[in-house]
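Enquirer: Generate coordinates for the sequence data below:
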Amino acid sequence: MEPHELKSVALFSSLTPDQLRFVAQQADEIDVPAGKQLATQGRFAYEFFVIEDGTADVTREGAPIAALGPGDFFGEMGLLEAERRTASVVASSPMRLLVLTGAAFKWIEREMPAVAAQVREEIARRLEADRSRVDSRSEG
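Expert: Presented below is the predicted three-dimensional model:
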């Protein structure tokens, strides 16, 4: 992957050229078909994904919780908050993804505070949405 291509990914848009080069060296770019299982709830987390193109469905315990598209990312909660995946993700269309290993992602988190802050904000948003869903079910 070329560093300049990362600039179009919102998560990496604020990085310096050197930081973009590092991420590009660490990232793999993959194409997956519709229906491909990308993450399985309860399994160990080893990588972080950023969607370049295509869509994916997120489920927890079989119930739909989100639809993801270009610019969205997933896999960070398993790497940072728990060892295991907290949801399952399946490609709902053909996709192009950037994939970073856990070690590369943790380096990015440590060395690139702006990216880490965005990821942490998204984790907080997702955890809050989960709490709201649980609260609304228990009130019913």
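
Enquirer: Arg110: what's it in contact with?
Expert: Ala116 (CB atoms under 8 Å, 6 or more residues apart in numbering). (Glycine included, C-beta is placed from N, CA and C.)

Enquirer: Next one: it from Arg125, what distance?
Expert: 22 Å (CB to CB, to the nearest Å).

Enquirer: Ok, Arg43 next?
Expert: 23 Å.

Enquirer: When the two are compared, which one has more neighbours?
Expert: Arg43 (13 against 10; other CB atoms under 10 Å).

Enquirer: residues near the residue nearest to that one when sequence neighbours are not counted, how many?
Expert: Excluding the flanking residues, the one nearest Arg43 by CB to CB, 6 or more residues apart in numbering is Arg85, at 5.2 Å. Residues near Arg85, counting by other CB under 10 Å, number 22.

Enquirer: before we move on, what about Leu11?
Expert: Neighbour tally, Leu11, other CB under 10 Å: 21.

Enquirer: which stretches of this protein form strands?
Expert: Here the chain has its strands, by DSSP state E, at 28-32, 37-39, 47-53, 56-60, 63-68, 73-74, 88-91, 95-101.

Enquirer: how about the last one: buried residues?
Expert: By neighbour count, with 16 or more other CB atoms under 10 Å as the criterion, the buried positions of strand 95-101 are 95, 97-100.

Enquirer: and it, how far from the chain's centre?
Expert: Taking CA atoms, centre = their mean, to the nearest Å, one finds strand 95-101 lying 9 Å from the centre of the chain it belongs to.

Enquirer: what does it contact?
Expert: So strand 95-101 is contacted by 1, 6, 9, 23, 26-32, 34, 36, 38, 46-56, 108 (CB under 8 Å, 6+ apart).

Enquirer: how close does the residue nearest the centre of the chain get to Ala24?
Expert: With distances taken as CA atoms, centre = their mean, Phe74 lies nearest the centre of the chain, 1.9 Å away. For Phe74, the distance to Ala24 under the criterion CB to CB works out to 20 Å.

Enquirer: got it, and Leu38?
Expert: From Leu38 to Ala24 the distance is 21 Å (CB to CB).
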